[in-house]
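1. this one's sequence-less:
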C-alpha cells in the first residue's frame, strides 16, 4: 500500500472518530458528558423562553397558571400591592412572551385569595379560593366567574359561621363546577374535607364532608372515568401518623366509595393528584416520615382502587416539597415545588423530571439569594414547561409573582466543536508523514 493511501486511511479514521466523539455517539456509551449545560444534570440543556415577575411594593403570589387559546397565559393568586383590601384575588393575562395584557383585582376590604383558575366554556374564567370580605363566616369558599377580559360576571360565597376555603375548581360534565377544600363550619371534626357541586351559575346543588374528629382537608380534586370524583389531601383523623396523605373516592353525587391513607409516623400530606394511563393515580406532596431531610418531595403511585404500588422521595437535608405534578409524553412525571436543600438561596423553585417508575432523570432549581417557590406547572410541548409561583429575590416588591417558561433538551443531540481534536489530528498526520519519509530513505 502506498504512503499516500496509508495516510489517507489513518486520516479518515481519525476524522470519523473525532466526529463520533464530538456528536456524542461514542461519548454517551463511555459516560463522557461533553455538554455546556448549566442544568443540574449536565446532559440536558435548558433555555429560558419566559422569565417575568409581576407585582408591586408588597406581597403578590400566583398559585395557578393555565394556557390560553391565543398562546398566552392566565395566572391567578392574590395581591397585597393592589386592589381594595388587605389582599385581593388577582387575575393576570399575558401574551406568549409573558408580557401583561390585562389584570383584574377582585375583592373587598378584608383578605381574599384565589387558589385555582380554569377556562370556562364561554371563553371566560372561573376562580376558586376564599374570602373574608363577603359571606357568612370568618371566611367562605369563593367562586368567581369572569368574562374573557377578567371582568366579574357573577360570584358565589359558600360556607358557614367558621372558616371555609376552596382550593381547586374543575368543570363538571353538566356545565357546572366542582370545588374541593376545607370546612370548619360543617362536618365531624375540627375541619373536614369538603366537596361542593354547583350548577352553571355557581348555586350549590349538593355538598359532602369527609373526616373524623381532628383536622382533615382536600387540596386537589379530579373527575374519574366513572363520573365520580377523587379527592386528595391530608388527614389527622385517620392513618398512622401525625398527618397522612388521604385519597377519597366518591360516586357522581359525592357519596363515599373508598379511601386510602399513606404515610408514616410524622407529617405526610398530598398537594395534588392526577390520573395515570393505566387507570391508577399519582399523588404528589410532602413527607416527614421518609426521605433524607426534615421534609421531602413525595410521589406515590396507586392502583385504580388506591392500593399503593410504589413511591419515591426527592430531597436533601432541608425542607423540600411538591405542589404540582403532570404526566409527560414518555410516561414519566414532572413535579414542581420548593427546595431548601439545593439551589442558590434560602429556598428555590424546584422542577424534577422522573421516568415512569418515579426515578429522577433530571432536576433544576431556579432562584436567587432569597426565597422562591413554584406552585403550578404545565407542559406546552414535550420539552417546554411553564412554572408559576413567587420570588423574593427578583421583582419590584417584597415578594412578586414569578412566571418561567423553559425548554429542556437532551444535549447529546447537539454537536459541540472540539478544536483540541483538530490540533491533535494535525500533529498525528505530521508524525505519519515524517515517519514515512524516514523509511523511504
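-> Cool, got the structure. Quick caveat: nothing in here was measured; it's all calculated off a predicted structure.
2. who's residue 60 bridged to?
-> Counting by DSSP bridges, residue 60 forms beta bridges with residue 79.
3. I'd guessed residue 403 sits against residue 387; true?
-> Yes: applying CB atoms under 8 Å, one finds residue 403 in contact with residue 387, separated by 7.5 Å. For the C-beta atoms, the positions are set from N, CA and C on the backbone; glycine is no exception.
4. can you list residues touching both of the two?
-> Overlap of the contact sets of residue 403 and residue 387 (by CB atoms under 8 Å, 6 or more residues apart in numbering) consists of residue 65.
5. higher neighbour count, those two?
-> Neighbour count, other CB atoms under 10 Å: between residue 403 and residue 387, residue 387 has more, with 27 against 22.
6. what's the spacing between the closest residue to residue 125 other than its chain neighbours and residue 243?
-> Using CB to CB, 6 or more residues apart in numbering and skipping residues adjacent in sequence, the residue nearest residue 125 is residue 146, 4.9 Å away. Distance check for residue 146 against residue 243: by CB to CB, to the nearest Å, it reads 35 Å.
7. got any ranges where the stretch 251-400 of the chain has weak pLDDT?
-> Applying pLDDT under 70 to the stretch 251-400 of the chain flags the ranges 382.
8. try it again with 90
-> Scanning the stretch 251-400 of the chain for pLDDT under 90 picks out 293, 381-383, 397.
9. you'd agree residue 46 is up against residue 407?
-> Yes: between residue 46 and residue 407 there is a contact under CB under 8 Å: 7.0 Å.
10. of these two, give the one with the bigger neighbour count.
-> residue 46 (19 against 15).
11. check the secondary structure at the more buried one for me.
-> strand (DSSP: H, G, I helix; E, B strand; the rest coil).
12. more neighbours: residue 146 and residue 243, which one.
-> Legend: neighbour count by other CB under 10 Å for residue 146 and residue 243, higher for residue 243 (25 against 22).
13. residue 327 versus the more buried one, what's the distance?
-> 26 Å.
14. same deal with residue 59?
-> Look at residue 59 and residue 327: by CB to CB, they are 32 Å apart.
15. same check, this time on residue 111
-> In this view, residue 111 and residue 327 are 35 Å apart by CB to CB.
16. what does residue 380 give?
-> Using CB to CB, residue 380 is found at 14 Å from residue 327.
17. ditto for residue 145
-> Look at residue 145 and residue 327: by CB to CB, they are 29 Å apart.
18. find the nearest non-adjacent residue to residue 181, please.
-> Spatial nearest neighbour of residue 181, chain neighbours left out: residue 166 (4.2 Å); criterion: CB to CB, 6+ apart.
19. and the helix or strand the one you found falls within, what does it pack onto?
-> Using DSSP states H and E, residue 166 sits in strand 164-171. Judged by 3 or more CB pairs under 8 Å, 6 or more residues apart in numbering; DSSP states H and E, strand 164-171 is in contact with strand 112-119, strand 125-131, strand 140-146, strand 177-183, strand 216-223.
20. I'd like those as JSON lines, with mean pLDDT appended.
-> Formatted as JSON lines, the helices and strands packed on strand 164-171 follow (pLDDT from 0 to 100):
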{"stretch": "strand 112-119", "mean pLDDT": "98"}
{"stretch": "strand 125-131", "mean pLDDT": "98"}
{"stretch": "strand 140-146", "mean pLDDT": "98"}
{"stretch": "strand 177-183", "mean pLDDT": "98"}
{"stretch": "strand 216-223", "mean pLDDT": "98"}
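21. dump the ones you listed to TSV, plus distance to residue 280.
-> Shown next, in TSV, are the helices and strands packed on strand 164-171 (distance: least, CB to CB, whole Å):
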stretch	distance to residue 280
strand 112-119	24
strand 125-131	26
strand 140-146	29
strand 177-183	20
strand 216-223	12
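22. and of the ones you listed, who's closest to residue 393?
-> Distance to residue 393, taken as CB to CB, is lowest for strand 112-119 among the helices and strands packed on strand 164-171, at 23.0 Å.
23. what pairs with that closest one, and is each one parallel or antiparallel?
-> As defined by DSSP bridges, the strand partners of strand 112-119 come to strand 125-131 (antiparallel).
24. quick one: the partner strand to strand 164-171, angle?
-> Relative orientation of strand 125-131 versus strand 164-171 (axes from the mean of the first three to the mean of the last three CA atoms, to 10 degrees): 170 degrees.
25. chain center to strand 125-131: distance?
-> Its chain's C-alpha centre and that of strand 125-131 lie 20 Å apart, by CA atoms, centre = their mean, to the nearest Å.
26. what sits up against that strand?
-> Against strand 125-131 from outside (CB under 8 Å, 6+ apart): 74, 76, 78, 89, 91, 106-108, 110-120, 139-146, 148, 150, 157, 164-169, 171, 177, 179, 181.
27. among those, name the buried ones.
-> For those, a neighbour count by 16 or more other CB atoms under 10 Å gives the buried set as 74, 76, 78, 89, 91, 106-107, 111-120, 139-146, 150, 157, 164-169, 171, 177, 179, 181.
28. in the stretch 1-150 of the chain, where is pLDDT below threshold?
-> Counting by pLDDT under 90, the stretch 1-150 of the chain has low-confidence residues at 1-46, 85.
29. tell me which stretches of it form strands.
-> Secondary structure of the stretch 1-150 of the chain (DSSP state E, counting those that start in this stretch): strands at 44-54, 60-67, 73-79, 88-94, 100-106, 112-119, 125-131, 140-146.
30. burial count for residue 69?
-> 8.
31. show me the contacts for it.
-> residue 123.
32. shift numbering so it begins at 23
-> In the new count, where the first residue is 23, that last one comes out as residue 91.
33. how about it, phi and psi?
-> phi -70, psi -20 (degrees, to the nearest 10).
34. look up how far residue 118 lies from it.
-> Distance from residue 91 to residue 118, by CB to CB: 11 Å.
35. from residue 283, how far out is residue 94?
-> Residue 94 is 40 Å from residue 283, by CB to CB.
36. quick one: residues contacting residue 69.
-> 428, 429, 430, 431.
37. the third one reaches residue 405, doesn't it?
-> Yes: with the criterion set as CB under 8 Å, residue 430 and residue 405 qualify as a contacting pair; they are 5.7 Å apart.
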